[in-house]
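[1] I'll drop the sequence and a predicted model, then ask my questions.
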Amino acid sequence: MGTSEAVLHVLSGAAPPLHYMGSCFEKSNSLLFSTNHVNSRMEKDYACTRIKYSRTLRSCKRFYAIHSVDSIYRRGNLNGREESSSCKCRQTENISESIAEEGNGKWINGISNVADVQNFEAARPLKNENGGLVSSRDLATAGTTSKTLREVGIDSIEDEAWNLLRASMVYYCGNPVGTIAANDSSDSNTLNYDQVFIRDFIPSGIAFLLKGEYDIVRNFILHTLQLQSWEKTIDCHSPGQGLMPASFKVRTVPLDGDESATEEVLDPDFGEAAIGRVAPVDSGLWWIILLRAYGKCSGDLSVQERVDVQTGIKMILKLCLTDGFDMFPTLLVTDGSCMIDRRMGIHGHPLEIQALFYSALLCAREMLAPEEGSVDLIRALNNRLVALSFHIREYYWIDMKKLNEIYRYKTEEYSYDAVNKFNIYPDQIPPWLVEWMPNKGGYLIGNLQPAHMDFRFFSLGNLWSIISSLATTDQSHAILDLFEAKWADLVADMPLKICYPALEGQEWRIITGSDPKNTPWSYHNAGSWPTLLWQLTVASIKMKRPWIAENAVKIAERHISRDKWPEYYDTKRARFIGKQARLFQTWSIAGYLVAKLLLANPNAANILVNLEDSELVSAFSCMLSANPRRKRSRKGLKQSYII
């Protein structure tokens, strides 16, 4: 197949084992089917699962078995020899050993045992309807959300949000496996908003974890893992092993030859059906981050210890760590490969991907089982972490001091001792930045390539750099300082700007291709996305400045429910619901709920936070003390880092 077949766990209803014998001779792309027989001879809960393998397989027989909830499904021998079903599963292709029967992991209400903390003495008040923050009074302690937020009607907003989130749940074989992107019954043109997107489900999954509802997250993790090994093509080209889909959909179709039965189909989209046909780079990174959060919150580490899950982690890492032509430790990606999934001039090394990449590497290193086969992978992972952190912190950071340095850059420098290593021309500094940059504060720029710095501020990349500790402590505080200083620009009437400022005029026409959806101050072009609220909350709690998130939540609560939970808002101050925004957008709903849950229990944010690694700090300090601008000797270098 050209792809690794991970062990498939199907979570069916509690039913006696049901066996099914079949043969195959398939030439079509891979599809995963769950056949649900509903005629009078069988109970509705009985299910039979089969897999159509890729066109590279030949005629073979398979033996199927479905057991009760949490039992293990195992595919039979592909070489024509029938293999009986058991409660042990075999890793095919790359892993031959059996994994032990899944243990009963200790399921803990992840945050129920955390000691309660006191309420804030006071929350920082908003200046006014049109202004920024005015109070600099520190809160007495980082704790639950202030009583000032508990205004009339707020509890009903939370209840409404939970009802809407649960109404968006998608079921497969009777078990919840995710949430659809949007659930607007008034819009008949659903496009792909009725699918389960990996990136969109992350805030939903976190909300369910914080609520103590773990099953849906567990099911999502295991089912999307099975989709990873599918072989998908775009014009006869197959993407690399380890790629996770952008989304999937559960389809119910009649079973061939039996009109009284139906089968449920998990149909993934790796980008071959998306606008622009771009494969998602961030899906696998988000999957690893959610997997770690699940283990830390539920206490159930048996999922991440499974052989198929360990294999899935390694496949994602190998795909991301593969050597190529790029000279930088950052991931080289195309436009549209992340949350900004349309042409917006972020091709190259966008900050959002680098921050998620760094976080996923740290999460994966924490979860990888120590074994001989992982030694080289962990070594490559550690080397990449050091190089990536140095590269981002040193070259992506911008504040008034760095801006003055760039303004005086010399160009066309050659050799190892060059100061202007990327040949950045000072004329690239945009006029808006000169006026916009505050004296106190800074941020990580959106992109860096030879002779090109994208000076736009991207919220997700900067917030996740704080959460993952990709930014230093000082840089993290400076980013939050920027939020406070530029509150009217970045938060305004609805949190939170996806980027700032918008591309306008000729620049918009050239960079976006005159995209009618990404018009200035709309959608990805500096539109405001309520879902980013939860990431602002995690970053604020991590840096012990939760009042920033509290004030943003307070703004959102003014009219997000009344506006029917839009996908995004338009205009510079986010005063209008987006022209093409979907209503009842699930990750807008989930983002609000996660923010509220985390402010109510700040300690729970630890399931998402990556603390700075002491070894990385030491290596980073050594690289700085060695002065990267001086010429390096090639002979005496024991261990090289790409910087």
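    Arrived safely. Numbers count the residues shown, from 1 in each chain.
[2] In space, what's closest to residue 387 - neighbours in sequence excluded?
    residue 329 (3.8 Å; Cβ to Cβ, 6 or more residues apart in numbering). Using the backbone N, CA and C atoms, a C-beta is placed for each residue, glycine as well.
[3] Test my guess that the one you found contacts residue 391.
    Yes - Residue 329 lies in contact with residue 391 (Cβ atoms under 8 Å); the separation is 5.2 Å.
[4] The two: which is more packed in?
    More crowded of residue 329 and residue 391, by other Cβ atoms under 10 Å: residue 329, with 22 against 19.
[5] Can you give me the buried ones in the longest helix seen in the chain?
    Ordering each helix of the chain by length in residues (DSSP state H) puts helix 375-395 first. Buried residues in helix 375-395, counting neighbours by 16 or more other Cβ atoms under 10 Å, are found at 377, 380-393, 395.
[6] What pairs with the next helix-or-strand element following it, parallel or antiparallel?
    Heading C-terminal from helix 375-395, the first helix or strand you meet, by DSSP states H and E, is strand 397-398. Strands that pair with strand 397-398, judged by DSSP bridges, come out as strand 443-449 (antiparallel).
[7] neighbours of residue 420, just the number please.
    Quick note: residue 420 (other Cβ under 10 Å) scores 17 neighbours.
[8] wait, what's in contact with the closest residue to it other than its chain neighbours?
    Counting by Cβ to Cβ, 6+ apart, residue 420 lies nearest to residue 409, which is 4.4 Å off, once chain neighbours are set aside. Applying Cβ atoms under 8 Å, 6 or more residues apart in numbering to residue 409 gives the contacts 419-420, 424-426.
[9] swap in residue 556?
    494-495, 530, 533, 592.
[10] Reformat these as TSV; add pLDDT.
    Shown next, in TSV, are those (pLDDT from 0 to 100):
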residue	pLDDT
494	97
495	96
530	98
533	98
592	98
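[11] quick one: which of the residues you listed is most hemmed in?
    residue 495 (31 neighbours).
[12] mind pulling up the phi and psi values for that residue?
    Here is the backbone geometry of residue 495 (degrees, to the nearest 10): phi -70, psi 140.
[13] Same question for the one 5 residues further on.
    Backbone geometry at residue 500, expressed as degrees, to the nearest 10, gives phi -150, psi 140.
[14] Double-check that residue 250 belongs to a helix.
    No - Residue 250: not assigned to a helix; according to DSSP: H, G, I helix; E, B strand; the rest coil it is strand.
[15] Just the local confidence number for it, please.
    Looking at residue 250, its pLDDT reads 93.
[16] Quick one: residues contacting residue 478.
    Residue 478 sits next to 399, 440-443 when contact means Cβ under 8 Å, 6+ apart.
[17] Buried residues in stretch 187-198, which are they?
    In stretch 187-198, counting by 16+ other Cβ under 10 Å, buried: 192-193, 195-198.
[18] Would you tell me which strand is longest in this protein?
    strand 258-269 (DSSP state E).
[19] helices or strands next to that one in the packing?
    Secondary-structure packing of strand 258-269 (3 or more Cβ pairs under 8 Å, 6 or more residues apart in numbering; DSSP states H and E): strand 31-37, helix 215-228, strand 247-255.
[20] re the thing from before, JSON lines for the contacts of residue 556, including distance to residue 469 and secondary structure?
    Below are those laid out as JSON lines (distance: Cβ to Cβ, whole Å; DSSP: H, G, I helix; E, B strand; the rest coil):
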{"residue": "494", "distance to residue 469": "29", "secondary structure": "coil"}
{"residue": "495", "distance to residue 469": "23", "secondary structure": "coil"}
{"residue": "530", "distance to residue 469": "26", "secondary structure": "helix"}
{"residue": "533", "distance to residue 469": "21", "secondary structure": "helix"}
{"residue": "592", "distance to residue 469": "26", "secondary structure": "helix"}
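[21] Can you tell me which of these is closest to residue 359?
    Closest to residue 359 out of these is residue 533 (18.7 Å), distances taken as Cβ to Cβ.
[22] about what we covered before: return the distance of the helix or strand that the longest strand of the chain is followed by from the chain's centre.
    Downstream of strand 258-269, the first helix or strand assigned by DSSP H and E is helix 282-298. Its chain's C-alpha centre and that of helix 282-298 lie 8 Å apart, by Cα atoms, centre = their mean, to the nearest Å.
[23] wait, isn't residue 481 in contact with residue 439?
    No - using Cβ under 8 Å, residue 481 makes no contact with residue 439, being 10.0 Å away.
[24] Let me know the distance separating residue 156 from residue 162.
    Counting by Cβ to Cβ, to the nearest Å, the gap from residue 156 to residue 162 is 11 Å.
[25] out of these two, which sits in the busier spot?
    Ranked by neighbour count (other Cβ under 10 Å), residue 156 and residue 162 place residue 162 first, with 15 against 10.
[26] how distant is the longest helix of the chain from the center of its chain?
    With Cα atoms, centre = their mean, you get 20 Å for helix 375-395.
[27] If you count contacts, what does it end up packed against?
    Helices and strands touching helix 375-395, by 3+ Cβ pairs under 8 Å, 6+ apart, are helix 307-321, helix 351-367, helix 614-625.
[28] I'd guessed residue 534 sits against residue 599; true?
    No - in this structure, residue 534 is not within contact of residue 599 by Cβ under 8 Å, at 10.2 Å.
[29] the more surrounded of the two?
    Shown here are residue 534 and residue 599; by other Cβ under 10 Å, residue 534 has more neighbours (29 against 26).
[30] list the contacts for the more buried one?
    Counted by Cβ under 8 Å, 6+ apart, residue 534 has contacts 203, 206, 590-592, 594-595, 598.
[31] Same check on residue 273?
    With the criterion set at Cβ under 8 Å, 6+ apart, residue 273 makes contact with residue 192.
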